[in-house]
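# Give me coordinates for this.
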Amino acid sequence: MLILTRADVRRLIEMEPVIAAVEAAHVALADGRASQAIDHATALPGGDGVMLPMAAAIAVPAVVGTKLLADVPSNAGRALRTQHSTITLIDPVTGRCRGFLDGIEITLHRTAAASAVATRALARPDVRTLGLIGAGNQARSHVQALRAVREFDRVVVWSRRYETAERFAAEERADGLVVEVRDSPEAVVRAADVLCTLTPSRDPIVRGLWFTPGMHVNAVGAPPRPDHREIDSVGIARSRVIVDDVASSLDRSGEVCVPIAEGTIDRSHIAGDLGAVLTGRCAGRTSADEITLFNSVGLALQDMATAAYLLAAAEACGVGLEVDLQAEHAPPSFT
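Numbering: from 1, shown residues only. Next comes the predicted model:
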C-alpha cells in the first residue's frame, strides 16, 4: 500500500488532469460503467460533527475506493479545519488496499474540477466575468479550474470578512488577474456571467431575484446536508438545474431538498445530471438567455478518479511511503 500525505498530494496534483479525470468519471456513471453508494451521515458523539463514508467504483480505468469525510462545524472555533477526509483505494481484483491518501487537496481540486466541467458544458461561450461568493481555498481552486475552460477578463468577489476578500484579491492580482472586491453578495451576483457560491452556509446568501439572463451558477459550498443551502428557492426555481447525481442531491442537498419540501419545485425540476449532459442524453443550456445552475454535492467517484490519477503519478515518480498492512512479521529494527 502506498501512503500519500497532504504534502505528497500537493506536490503531485495538477488541475487539468483532475478536470479530465472528473469528466471521464461522470461519463462513466452515465454510461453505466461506474457506481456509487448513497452516502448516509452518522452523527459524531459529543458534538455537532457528522461522519460521511463515500464509496464508488469505476470500471475503466478500474478504480474502487472509499472516502471517509468528517464534517465538524465547531472546529472553526478551535482554529481547525471544519472538514477532514482520507481516501482508501482498493485493488478491484484482489480487494487488497493499494493506496491511502489524505483527502484535503483532492477534495479542493475535484470540487473545482466538477465546476469547470459543468461550466464548460453549460455556460455561454462568451462569458467574461467570474463571480465568487466566498474567498477561501475553494475560491482559489475555482479560479484555477474555471480559467482552464473559459477566458475570464475579471473576477468579482465577496466574503463575510472584507480582509479575507482583499487578501484573496491581492494573491490573484499577483498572477496578473483583474480582481474586484464587492461590498455585498448582490453586487457580485449582478456583475457575474458565471457565479460560484463557495461558503459553508446553512441559510441562503444568494437571492434568485438577483440572477441575470444567460448567467451560469455553480452552487458548491453548502455542506452535504438537506437543510444547508447558499441559494434561495427562487434562484432554484428560476434556473435550469443540473446536478452531479440526482439520487445524491435528493438525499442530501439543501439546494433542492428545501424548495421541494416547500412545494416551490418538484423533482421534475431537476433536468438531469452532469453525465447525462456530457453524453448527450440530457440537454444542457437551451437558449442564450436561460439561467443554468449546477448543484454540486460532491461525489465519491470524483474522489476515486482523482486519487487513481495521483496514485499512478506517485508510483511513476517514486513519491509516498510504501507499507504492507498485511505483513505477518514485524520489519527489522535498526539501532
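# Strand partners (parallel or antiparallel) of the worst-scoring helix or strand of the chain on mean pLDDT?
Evaluated with mean pLDDT, DSSP states H and E, the helix-and-strand set of the chain has its lowest mean pLDDT in strand 42-43, which scores a mean of 88. Note on strand 42-43: by DSSP bridges, its sheet partners are strand 50-58 (antiparallel).
# tell me which residues in the helix or strand following the strand it pairs with are buried?
Per DSSP states H and E, the first helix or strand lying C-terminal to strand 50-58 is strand 63-71. Within strand 63-71, the residues that count as buried by 16 or more other C-beta atoms under 10 Å are 63-67, 69-71. For every residue, glycine as well, the C-beta is placed using N, CA and C.
# same deal with stretch 29-38?
Along stretch 29-38, these residues count as buried under the neighbour rule (16+ other C-beta under 10 Å): 29-30, 34, 36.
# And for stretch 271-288?
In terms of neighbour count (16+ other C-beta under 10 Å), stretch 271-288 has its buried residues at 271-278, 284-285.
# Now do the end-to-end distance for that stretch.
Stretch 271-288 has an end-to-end distance of 17 Å (C-alpha to C-alpha, to the nearest Å).
# what residues does that stretch touch?
23, 26-31, 114, 117-118, 121-124, 214, 216, 240-246, 292, 294 (C-beta atoms under 8 Å, 6 or more residues apart in numbering).
# Could you list the low-pLDDT ranges of the protein?
Segments of the chain classed as low confidence (criterion: pLDDT under 70) are 39, 330-335.
# thought Val246 was touching Ile270?
Yes - Val246 sits in contact with Ile270 when judged by C-beta atoms under 8 Å, with a separation of 5.9 Å.
# Between the two, which has more neighbouring residues?
For Val246 versus Ile270, the count of surrounding residues by other C-beta atoms under 10 Å is larger for Ile270: 20 against 17.
# which ones are touching the more buried one?
For Ile270, the residues meeting the contact criterion (C-beta under 8 Å, 6+ apart) are 241-243, 246, 249-250, 256.
# Need phi/psi at it.
Backbone geometry at Ile270, expressed as degrees, to the nearest 10, gives phi -70, psi 110.
# How many neighbouring residues does the spatially closest residue to it that is not a sequence neighbour have?
The shortest distance from Ile270 to any residue other than its chain neighbours is 5.2 Å, reached at Val241 (C-beta to C-beta, 6 or more residues apart in numbering). Burial measure for Val241: 24 neighbouring residues, criterion other C-beta under 10 Å.
# Ok, Val149 next?
Residues lying near Val149 (other C-beta under 10 Å) number 19.
# Doesn't it lie inside a helix?
No - judged by DSSP: H, G, I helix; E, B strand; the rest coil, Val149 forms no part of a helix; its state is coil.
# nearest to Val155, of the buried residues of strand 63-71?
Set against Val155, the nearest of those by C-beta to C-beta is Asp71 (27.6 Å).
# Could you give the bridge partners of the residue nearest to Ile270?
With DSSP bridges as the criterion, the beta-bridge partners of Val241 are Ile270, Leu293.
# Touching, it and Ser268? I think so.
No - between Val241 and Ser268 no contact is recorded; they are 10.5 Å apart, counting by C-beta under 8 Å.
# Show me how this structure divides into domains.
2-106+300-322, 125-295 (automatic domain parsing).
# any chance of the ones you listed in JSON lines, plus distance to His329?
Converted to JSON lines, the domains of the chain look like this (distance: least, C-beta to C-beta, whole Å):
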{"stretch": "domain 2-106+300-322", "distance to His329": "16"}
{"stretch": "domain 125-295", "distance to His329": "42"}
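# mind checking which of these is nearest Glu328?
Taking C-beta to C-beta, domain 2-106+300-322 is the member of the domains of the chain nearest to Glu328, at 14.3 Å.
# Show the end-to-end separation of the closest one, please.
With C-alpha to C-alpha applied, domain 2-106+300-322 spans 5 Å between its terminal residues.
# same question, stretch 143-162
For stretch 143-162, the separation between the terminal residues is 19 Å (C-alpha to C-alpha).
# how would you label Ala121: helix, strand or coil?
Applying three-state DSSP to Ala121 yields a three-state assignment of helix.
# how many neighbours does it have?
When neighbours are counted by other C-beta under 10 Å, Ala121 registers 19.
# ranges for the helices of the stretch 1-150 of the chain?
Under the criterion DSSP state H, counting those that start in this stretch, the stretch 1-150 of the chain carries helices at the ranges 6-12, 15-30, 104-122, 137-147.
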